[in-house]
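In: Here's a sequence, model it:
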Amino acid sequence: MKKNIAIIMGGYSSEYKISLISGNVVYETLDTSKFNAYRIHIFKEKWVYVDANDAEFPVDKNDFSVFVNGQKITFDCVFNAIHGSPGEDGHMQGYFKMLNIPQTACDMYQASITFNKRDCLSVLKPYGIKTAESYYINLGDVIDEDAIIKKVGLPCFVKANKAGSSFGVSKVYKKEELQQAIAVSFKEDDEIIIESFLNGKEVSVGVITYKGETKVLPITEIVSENDFFDYEAKYQGKSKEITPARLSKEEEDKINKVAKQVYEALRMKGFSRSEYIFKNGEPHLLEVNTIPGLTKESILPQQAQAAGISLADLFDNAIEEALK
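Out: Next up, the predicted model:
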């Protein structure tokens, strides 16, 4: 008997448009001989099932069901394709845990930790994971520009702490640019992380649970035409993504070991994609994404393809792992 799969997409953050694209790729790719796929749009103002004709049917949040033509539809599993809140920060994970509905992403605690860049880096430091120097600011704090520069130096990166797709990120070269960069980040979040600039090769590493085992996918090297890997570079063709990355055997071994260690130390499940920069030959972790982009052009699907895993197999495996 075919399983009913709810593909949740959209969300409450600036990333909702990308999430809709990812969710639709999953919807179009899932094996229809095994699954009945349902597109569920999650927005602040509405949770709705959207059928093939784009007709909308409200979701009953009490049990995450929908009524269509007088018939109640419930779901065997949820495929989580929401980038940002509430799909990547633990909220949806907690909700589905309460309802005892399996979902494809990591658990609530892991989602919450990894979505908070500051907390994630703090949790991983005792494991010896190298990171950039960082300085934290909360909305309302006194901004001491001299203290910031003394800690992280120039140039530096000012980032919204809980945001993805490079929203709220600025590269700052001069002290005079700090205030404007901080204002940009505060438009996305009420917490900011300011990090030292790491000058080196940037790579992205996908790690997934595949057929019950932790699998590190082929590494992608990021070569941005812009000053850094910003939104335009990620989604508007202003970067070159080279898979497999041009790394020495030693560099490749180091990054594989660290990426697997991060995934297992955090007790992750499902998809993850972490970003690193090599400094003095050592990989330094920037962040961990637990709902990475799933479009055909996105990095994780590219890496899966390089590993001989088709999109259909990648998505099928995620559902099978969740159903375990």
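
In: I'd like the distance between the residue lying farthest from the centre of the chain and residue 36.
Out: Distance from the centre of the chain peaks at residue 70, with 36.9 Å (Cα atoms, centre = their mean). In this view, residue 70 and residue 36 are 17 Å apart by Cβ to Cβ, to the nearest Å. Placement of C-beta: from N, CA and C, glycine included.

In: what does residue 83 give?
Out: In terms of Cβ to Cβ, residue 83 sits 24 Å off from residue 36.

In: likewise residue 46?
Out: Taking Cβ to Cβ, one finds residue 46 at 22 Å from residue 36.

In: The two: who's more crowded?
Out: The neighbour count for residue 46 versus residue 36, taken as other Cβ atoms under 10 Å, is higher for residue 36 (15 against 11).

In: So for that one, what's the pLDDT?
Out: Per-residue pLDDT puts residue 36 at 98.

In: still on that earlier bit, return the residues in contact with the residue farthest from the centre of the chain.
Out: If a contact means Cβ atoms under 8 Å, 6 or more residues apart in numbering, then residue 70 has no contacts.

In: before we move on, what about the one 5 residues further on?
Out: Listed by Cβ under 8 Å, 6+ apart, the contact set of residue 75 reads 4, 5, 6, 38, 64, 65, 101.

In: how about the strand or helix carrying residue 96 as PDB, C-alpha atoms only?
Out: Per DSSP states H and E: residue 96 is located in helix 91-99. Output in PDB follows, covering the C-alpha atoms of helix 91-99 (Å, rounded to 0.1, in the frame of the first residue of the first chain):
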ATOM      1  CA  HIS A  91       9.600  24.000  15.700                       C
ATOM      2  CA  MET A  92       8.200  21.600  13.100                       C
ATOM      3  CA  GLN A  93      10.300  18.800  14.400                       C
ATOM      4  CA  GLY A  94       8.800  19.300  17.900                       C
ATOM      5  CA  TYR A  95       5.300  19.500  16.500                       C
ATOM      6  CA  PHE A  96       5.600  16.300  14.500                       C
ATOM      7  CA  LYS A  97       7.200  14.500  17.500                       C
ATOM      8  CA  MET A  98       4.100  15.400  19.600                       C
ATOM      9  CA  LEU A  99       1.900  14.000  16.900                       C
END
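
In: buried residues in it?
Out: 91, 92, 93, 94, 95, 96, 99 (16 or more other Cβ atoms under 10 Å).

In: Can you tell me which helices and strands that helix packs against?
Out: Of the remaining helices and strands, those touching helix 91-99 by 3 or more Cβ pairs under 8 Å, 6 or more residues apart in numbering; DSSP states H and E are strand 77-80, helix 108-115.

In: Please identify the deepest-packed of these.
Out: Highest mean neighbour count among these (mean count of other Cβ atoms under 10 Å): strand 77-80, with a mean of 26.

In: pLDDT weak spots in the stretch 51-200 of the chain?
Out: 164-166 (pLDDT under 70).

In: so how far does stretch 183-193 reach from one end to the other?
Out: 13 Å (Cα to Cα, to the nearest Å).

In: For that stretch, buried residues please.
Out: For stretch 183-193, by 16+ other Cβ under 10 Å, it's 184, 185, 186, 188, 189, 191, 192, 193.

In: go on, stretch 46-54?
Out: In stretch 46-54, counting by 16+ other Cβ under 10 Å, buried: 47, 48, 49, 50.

In: before we move on, what about stretch 290-299?
Out: 290, 291, 292, 293, 294, 295, 298, 299.

In: Please report how far the closest residue to residue 251 other than its chain neighbours lies from residue 205.
Out: With sequence-adjacent residues excluded and distances taken as Cβ to Cβ, 6 or more residues apart in numbering, residue 251 is closest to residue 278, at 6.5 Å. Per Cβ to Cβ, residue 278 is found 12 Å from residue 205.
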